[in-house]
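Engineer: got a predicted model here, sequence first, then my questions.
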Amino acid sequence: MHRQLYDGLRAYVLDGRLGPETRLPATRLLAQQLGVGRNTVIAAYDQLLAEGYIEARPGSGTWVATLRQTVSKAAVASDGAASFDLSTRGQQIASHPPPTRTRDKINLHPGFPEAADFPFATWARLLARNARRPVADLLSYYDFAGDQRLRKAIAEYLAVSRGVDCVAEQVIVVSGAQAALDLVARIMMDDGDTAWMEEPGYRGARSALLGAGARLLPLRVSREGWRLNDPGLRPPRLVYVTPSCQWPLGTIMRMEERLQLLAIAERRKAFIIEDDYDGEYRFRGRPVPALRALDRSERVIYVGTFGKTLFSSLRLGFLVVPRALSEPFARAVSVTGQFAPLLLQATLADFIREGYFAAHLRRMRRLYARRQEHFIELCRRHLGQWMTVSENDSGMQVFGRFRLPLDDREVAAAALPHGIDVQPVSINFHHDEAEHGLLLGYAGLNGEQTVRAIAALQATFQDLARSRPRRNRRA
């Protein structure tokens with residue numbers, strides 16, 4: 001109660017409603033007027049007195065102090081929010097909103113792994129074991145580039161699974177793949193530097209590059225491959241690619257394209273950001289080796305994440321940088337604050353080194369292969385008149401291409417009332433005319449959820465089909 005009284009009187013003083021030299025009621029009188037105990041008023045007055053908002057004058061009472069400055073009300077825009085100016089770069093970053101997620105809907109957004117089958121009991125045991133150990137390395141940051149055990153475990157794992165030849169010092173642990181992209185862009189780009197960005201391409205990478213002041217040129221991608229010989233492309237400083245499973249088309253970069261891109265980077269003294277966001281998930285044959293595995297001139301910066309292989313909210317990602325850049329990147333992490341909690345890093349190191357990570361990936365590959373087959377079968381059976389969906393050799397999502405001229409944002413909005421949250425493909429086009437369709441993440445849905453999701457999409461398309469004649473008549 002005394003805190004409420006203190007807060008109210010303090011606000012009145014700061015905004016001028018109680019002006020300087022205003023005499024306050026005696027504590028006994030104010031207590032009677034408010035119906036509270038006198039000690040409540042005394043406690044509030046004492047706090048205001050200690051902080052200099054009021055003065056006690058012997059024999060005269062309690063008065064509002066004369067403050068040289070008062071808090072003025074900020075100019076408020078018509079929507080009721082205060083109006084402030086962002087920097088040019090701040091405006092650029094803030095102009096790219098994150099993909100929406102809607103609670104209490106079946107989530108068909110891409111990139112969400114199965115959480116129910118994750119071995120949380122094992123994870124909790126490893127986490128508790130590390131939490132009980134008062135090890136100095138976990139209680140203070142000695143190496144901002146990451147826990148040494150985790151960096152070593154990642155380097156060893158990448159050598160086996162992705163063909164990446166690196167040492168622990170080249171691994172930089174950060175708080176997720178987006179943090180990795182932001183770090184690379186900020187360290188490697190100056191204002192006005194040219195970056196090639198896949199078109200269509202991942203919005204998060206585009207935002208990170210624009211936020212660093214890059215001038216983006218579209219590196220066009222189709223189902224046939226990457227247009228690396230486009231005469232409109234000026235020499236780049238950075239090239240952003242997703243070669244193992246192109247976002248959002250799902251195309252895999254052919255060997256001749258990989259070698260050509262590496263040759264371009266070496267010739268132009270450029271660097272390649274290889275975003276290997278779900279390269280682990282290949283369902284026919286072994287995973288395709290990373291582009292970084294072919295790099296002999298130290299021009300590829302590899303970005304990986306555990307958010308797709310473990311669970312989304314883990315927020316642990318990493319970079320593999322050229323040897324000459326390992327020390328600058330390690331120092332930069334300490335400035336940007338993008339380092340991840342050490343307790344989680346130590347737990348993940350144990351999870352990898354004790355074999356749980358590899359075992360979990362094997363289970364998920366088998367599970368996702370079955371789920372993709374089931375998902376596509378249901379799409380073809382129930383959605384075939386509106387959309388075509390093809391198998392993907394890799395990845396956690398499939399591309400649903402419309403047969404009819406539909407606006408995919410309109411389809412996504414119409415799906416929400418049916419209880420399903422989907423991502424339109426057109427948001428990934430930034431230069432060319434957008435292709436419309438849905439990027440459908442199936443990996444996190446069990447059999448019952450998949451059936452419900454397909455039924456909801458079917459109902460969405462049926463509603464849109466019924467409404468089209470009415471709209472045409474009005475037009």
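Structural biologist: Right, received. Where do you want to start?
Engineer: now stretch 463-470, how far from the chain's geometric center?
Structural biologist: With Cα atoms, centre = their mean, to the nearest Å as the basis, stretch 463-470 stands 36 Å off its chain's centre.
Engineer: same check on stretch 393-404?
Structural biologist: Stretch 393-404 sits 22 Å away from the centroid of its parent chain (Cα atoms, centre = their mean).
Engineer: you'd agree Ile376 is up against Gly384?
Structural biologist: No. Ile376 is beyond contact range of Gly384, at 10.7 Å (criterion: Cβ atoms under 8 Å). Bear in mind the C-beta positions are built from the backbone N, C-alpha and C, glycine included.
Engineer: more crowded one of the two?
Structural biologist: When Ile376 and Gly384 are compared for neighbours, Ile376 comes out ahead with 18 against 11, by other Cβ atoms under 10 Å.
Engineer: list the contacts for the more buried one?
Structural biologist: For Ile376, the contacting residues are Val389, Ser390, Glu391, Val398, by Cβ atoms under 8 Å, 6 or more residues apart in numbering.
Engineer: cool, and Ser326?
Structural biologist: Counted by Cβ under 8 Å, 6+ apart, Ser326 has contacts Ala145, Glu169, Gln170, Ile172.
Engineer: how close does Arg149 sit to Leu138?
Structural biologist: Separation of Arg149 from Leu138 (Cβ to Cβ, to the nearest Å) stands at 10 Å.
Engineer: now Pro424
Structural biologist: According to Cβ to Cβ, Pro424 stands 43 Å off from Leu138.
Engineer: and Arg17, by the same measure?
Structural biologist: Relative to Leu138, Arg17 is positioned 51 Å away (Cβ to Cβ).
Engineer: neighbour count for the two, which is higher?
Structural biologist: Set side by side, Arg17 and Leu138 show more neighbours around Leu138, with 17 against 10, by other Cβ under 10 Å.
Engineer: where is the longest strand in the chain?
Structural biologist: For the chain, the longest strand by residue count, based on DSSP state E, is strand 215-222.
Engineer: identify the residues contacting that one?
Structural biologist: Strand 215-222 is contacted from outside by 192-201, 206, 209-210, 226-228, 230, 232-234, 236, 239-241, 246, 249, 251, 430-432, using Cβ under 8 Å, 6+ apart.
Engineer: buried stuff in that strand?
Structural biologist: Residues Leu216, Leu217, Pro218, Leu219, Arg220, Val221 are the ones in strand 215-222 that count as buried (16 or more other Cβ atoms under 10 Å).
Engineer: what's the offset of that strand from the middle of its chain?
Structural biologist: 22 Å.
Engineer: now do it, average pLDDT.
Structural biologist: In this model, strand 215-222 carries a mean pLDDT of 96.
Engineer: show the subsequent helix or strand relative to it.
Structural biologist: Downstream of strand 215-222, the first helix or strand assigned by DSSP states H and E is strand 225-226.
Engineer: so which elements touch that next one?
Structural biologist: Other helices and strands packing on strand 225-226, by 3 or more Cβ pairs under 8 Å, 6 or more residues apart in numbering; DSSP states H and E, are helix 255-268.
Engineer: what residues does the helix it packs on touch?
Structural biologist: Contacts of helix 255-268 (Cβ under 8 Å, 6+ apart): 225-226, 228, 235-236, 239, 241, 243, 253, 270-272, 291, 294-295, 297, 299-300.
Engineer: wait, doesn't Leu183 sit right on Arg331?
Structural biologist: No. The criterion here is Cβ under 8 Å, and Leu183 misses it with Arg331 at 11.5 Å.
Engineer: so which of those two has more stuff around it?
Structural biologist: Comparing Leu183 with Arg331 by other Cβ under 10 Å, the one with more neighbours is Leu183, at 25 against 12.
Engineer: spatially central residue for the protein, please.
Structural biologist: Residue closest to the average C-alpha location in the chain (Cα atoms, centre = their mean): Gln178, at 5.3 Å.
Engineer: can you tell me how far that one is from Thr66?
Structural biologist: Here the criterion is Cβ to Cβ. By it, Gln178 lies 50 Å from Thr66.
Engineer: ok, Arg215 next?
Structural biologist: Taken as Cβ to Cβ, the span from Arg215 to Thr66 is 55 Å.
Engineer: ok, back up a step: let me know the closest of the buried residues of strand 215-222 to Pro58.
Structural biologist: Nearest to Pro58 among these is Leu216, at 70.5 Å by Cβ to Cβ.
Engineer: ok, what's across the strand from that closest one?
Structural biologist: On the basis of DSSP bridges, Leu216 is bridged to Ala195.
Engineer: if I look at it, how far off is Trp123?
Structural biologist: Computed as Cβ to Cβ, the Leu216 to Trp123 distance reads 39 Å.
Engineer: cool, and Arg362?
Structural biologist: 17 Å.
Engineer: repeat for Val321
Structural biologist: Distance from Val321 to Trp123, by Cβ to Cβ: 28 Å.
Engineer: same question, Arg370
Structural biologist: Distance, Arg370 to Trp123, by Cβ to Cβ: 24 Å.
Engineer: between the two, which one's more packed in?
Structural biologist: Neighbours were counted for Arg370 and for Trp123 using other Cβ under 10 Å; Trp123 has more, 20 against 12.
Engineer: intersection of neighbour lists for Arg149 and Leu138?
Structural biologist: Listed as contacting both Arg149 and Leu138 by Cβ under 8 Å, 6+ apart are Ala346.
Engineer: how much space between Pro200 and His436?
Structural biologist: Pro200 sits 11 Å away from His436, taking Cβ to Cβ as the criterion.
Engineer: thanks a lot, catch you later.
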